[in-house]
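# sequence first, then the predicted structure:
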Amino acid sequence: MNEGKAIIFSAPSGSGKTTIVKHLLAELPQLSFSISASTRDKRGRSEADGKDYYFLSPDEFKNKIDNQEFIEWEEVYEGNFYGTLKSEIDRIWAMGQHVIFDVDVKGGLNLKKYFGDKALAIFVKVSNIETLSERLKDRGTEDEKSLSRRLFKAKFEMSFENQFDLTIVNEDLEQSFAESKKTVSDFLAS
């Protein structure tokens, strides 16, 4: 199998990493999205199994852990497990593509360690926690308790920024798109 490269985007929730990853997928046809496995519920009708996530029951997820089917996994929020399936990377590399990840900070660092020199790990952030709070509120998907939990986690995740290869401060989306595309294109060409 021809192994490709791994592009890892990590950020505290609400920083814009998913928007940037979707843009790169539209702009760079040599990239294919790594679909994570998760035990969390689908968000409304917009999310689809096998497209946004592989939605698994907690028992299915634990069986895959026991069978060592994950590159990395963790309980991101209490009762909500997320992970990267080895079979997903095999699927993408079998197509001759490079893989792009949209993962939380801890998952991103685990993937960087796993892929080594074949990985580019990018940390996306906003300039301050107030901006992050506003973005999360604007989504309309968080109640006060989950918003508070996400902001607490975001402050912790910011402390890992220096362990990534590069940081993009996502204040101007078009600028972030351009910087991401150039950085990723240069890495794939190297």
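Right, received. Where do you want to start?

# convert the helix-or-strand element of the chain with minimal mean pLDDT to PDB, retaining C-alpha atoms only.
One helix or strand of the chain scores below all others by mean pLDDT, DSSP states H and E: helix 129-139, with a mean of 75. Output of helix 129-139 as PDB, limited to C-alpha atoms (Å, rounded to 0.1, in the frame of the first residue of the first chain):
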ATOM      1  CA  ILE A 129     -11.500  33.200  25.100                       C
ATOM      2  CA  GLU A 130     -14.300  35.800  24.700                       C
ATOM      3  CA  THR A 131     -14.300  35.400  20.900                       C
ATOM      4  CA  LEU A 132     -14.400  31.600  21.400                       C
ATOM      5  CA  SER A 133     -17.300  31.900  23.800                       C
ATOM      6  CA  GLU A 134     -19.200  34.100  21.300                       C
ATOM      7  CA  ARG A 135     -18.600  31.600  18.400                       C
ATOM      8  CA  LEU A 136     -19.800  28.700  20.600                       C
ATOM      9  CA  LYS A 137     -23.000  30.600  21.600                       C
ATOM     10  CA  ASP A 138     -23.600  31.500  18.000                       C
ATOM     11  CA  ARG A 139     -23.700  27.900  17.000                       C
END
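
# what is it packed up against?
Helices and strands touching helix 129-139, by 3 or more C-beta pairs under 8 Å, 6 or more residues apart in numbering; DSSP states H and E, are helix 144-158. In short, each C-beta sits where N, CA and C put it, glycine included.

# for the helix it packs on, give the mean pLDDT please.
Averaging pLDDT along helix 144-158 gives 81.

# return the set of buried residues in the next helix or strand after that helix.
Per DSSP states H and E, the first helix or strand lying C-terminal to helix 144-158 is strand 166-169. If you call a residue buried by 16 or more other C-beta atoms under 10 Å, then strand 166-169 has these buried ones: residue 168.

# try stretch 39-51
residue 39.

# list of residues touching it?
With contact meaning C-beta atoms under 8 Å, 6 or more residues apart in numbering, stretch 39-51 is reached by 35, 52-53, 55-58, 61, 77, 79-82, 141.

# kindly recompute the last result at 6 Å.
55, 56, 58, 61, 80, 81 (C-beta atoms under 6 Å, 6 or more residues apart in numbering).

# ok, now stretch 146-156?
Residues outside stretch 146-156 that contact it (C-beta under 6 Å, 6+ apart) are 12, 13, 132, 133, 136.

# for this structure, what spans make up the strands?
Ranges of strands within the chain are 6-10, 31-33, 36-38, 53-55, 70-77, 80-85, 98-103, 119-125, 166-169, based on DSSP state E.

# hmm, who's touching the lengthiest helix in the chain?
Counting residues, the longest helix found in the chain (DSSP state H) is helix 173-189. Residues from elsewhere that reach helix 173-189 (C-beta under 6 Å, 6+ apart): 7, 20, 23, 24, 27, 98, 120, 168, 170.

# quick one: mean pLDDT for that helix?
Helix 173-189 comes out at a mean pLDDT of 96.
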